[in-house]
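Visitor: Need coordinates for the following:
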Amino acid sequence: MPGAHEHLYVVVYDIRDSRRWRRVFRLMKGFGDWVQLSVFQCRLTRVRHAELVQLLDNLILHGHDHVILMDMGPADAIAPRVISLGQSYEPPERGPVIL
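Guide: Residues are numbered from 1 along each chain as shown. Predicted coordinates:
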């Protein structure tokens, strides 16, 4: 059942090497919605969150790269609001991210 016991995460990353960046980007596309360059929103269960953390941990180069996963809380309890400046913002199909 979608949404059951999922939390909304905002994942932001700074990967120094373009090859590693592309690997992380492809991985993230399998876990969430692309919001902006190096920013994804993901609705994850505990199991999917643990899987994502482990896969990212194995992809990045510690000491050079940086990944932040922000737990925004239960996904079904969030009423997202986005303020966008500059180019127009197109929210992901499953709803916008809270920043």
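
Visitor: Pull out the buried residues from the helix or strand bottoming out on mean pLDDT in the chain.
Guide: Least confident helix or strand, the chain: strand 33-36 with a mean of 90, by mean pLDDT, DSSP states H and E. Using 16 or more other C-beta atoms under 10 Å as the burial criterion, the residues of strand 33-36 that qualify are Asp33, Val35. Glycine gets a C-beta too; all of them are placed from N, C-alpha and C.

Visitor: What helices and strands are in contact with the next helix-or-strand element following that strand?
Guide: Proceeding C-terminally, strand 33-36 gives way to strand 39-44 as the next helix or strand, assigned by DSSP states H and E. Applying 3 or more C-beta pairs under 8 Å, 6 or more residues apart in numbering; DSSP states H and E, one finds that strand 39-44 makes contact with strand 7-14, helix 18-29, strand 33-36, helix 46-59.

Visitor: Who are the packing partners of the second one?
Guide: Yep, that's helix 18-29 we're talking about. Using 3+ C-beta pairs under 8 Å, 6+ apart, helix 18-29 is in contact with strand 7-14, strand 39-44, helix 46-59.

Visitor: on that earlier part again, sheet partners, orientation included, of the least confident helix or strand of the chain?
Guide: If you go by DSSP bridges, strand 33-36 pairs up with strand 39-44 (antiparallel).

Visitor: and the angle from the strand it pairs with to helix 46-59?
Guide: In terms of direction (axes from the mean of the first three to the mean of the last three C-alpha atoms, to 10 degrees), strand 39-44 departs from helix 46-59 by 140 degrees.

Visitor: just how off-centre is strand 39-44 within its chain?
Guide: Offset of strand 39-44 from its chain centre (C-alpha atoms, centre = their mean, to the nearest Å): 3 Å.
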